[in-house]
Structure formats: C-alpha cells, structure tokens
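Q: got a predicted structure plus its sequence, pasted below:
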Amino acid sequence: MLSEEQLHKLFYKKKSGIHGDGLFARKKIKEGDYMGEYDGPVVNDNGSHVLWVEKYDDIWVGRDGKNLLRYLNHSTDPQAEFVGFELYALRDIQPDEEITIDYGEEP
C-alpha cells in the first residue's frame, strides 16, 4: 500500500467537470501501473465514499475511503480499475488528467 505522502506525489484533488471533486494525475502514469490501495475502515452500510468488493461468491466487503482515492469519479470509459481494493491503470494517464473508474453495478 502506498503511504498518504506517496499518493500525494502521484495525485491531487480539485474540482471536477464530472462531479464535485475529482482525482487528477500529477505525472504520467503508465498502463498497468499500480496506483495505490483504497484505504479506510470496513463498513456494513453504503455511503458516498464506500467501495464494495466481492471477496468470495456473494460475500461483499465495503471500505469507507479515507485516502485520496476516495475522489475517483465514474466514467463508462475509465482510465483505471480496481482489482480488489488495489487500483491499476488501464491505459497511459497524462499529467493533469482526471482519473476515473467504472462504478459498475451496485452490490
């Protein structure tokens, strides 16, 4: 897992044209690069910054994001995706580009 300091070297938060605040790249990120882990307490209830991951068949785990990755917005053409709670680049991401994920379906 990347520290908060390491995340701040890769990303910054600012107003998004998509919704509220967004997560933006400080420098070029290459396709396939590990971008950090969605960190926060495990929760049982949904919320605005809760990421749900299916750990086992029909067993879902939610984390209430407390690090910079909580500012990822939705896109149907995302630049990144989660594998579990770890974020990876789907393609090259340019400096100052907003980073998005596909929220998918609700669990």
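A: Cool, got the structure.
Q: buried ones in stretch 77-95?
A: Neighbour-count burial for stretch 77-95 flags Pro78, Gln79, Ala80, Phe82, Phe85, Leu87, Ala89, Ile93 (criterion: 16 or more other CB atoms under 10 Å). (Glycine included, C-beta is placed from N, CA and C.)
Q: dump these into TSV; add secondary structure, distance to Leu69 and pLDDT as well.
A: What follows is those, written out as TSV (DSSP: H, G, I helix; E, B strand; the rest coil; distance: CB to CB, whole Å; pLDDT from 0 to 100):
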residue	secondary structure	distance to Leu69	pLDDT
Pro78	coil	13	96
Gln79	coil	13	95
Ala80	strand	9	97
Phe82	strand	9	94
Phe85	coil	9	94
Leu87	strand	6	97
Ala89	strand	13	98
Ile93	strand	14	98
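Q: so what does the lowest-mean-pLDDT helix or strand in the chain touch, helix or strand wise?
A: Every helix and strand of the chain was ranked by mean pLDDT, DSSP states H and E. The lowest is strand 50-56, at a mean of 88. Helices and strands touching strand 50-56, by 3 or more CB pairs under 8 Å, 6 or more residues apart in numbering; DSSP states H and E, are strand 59-64.
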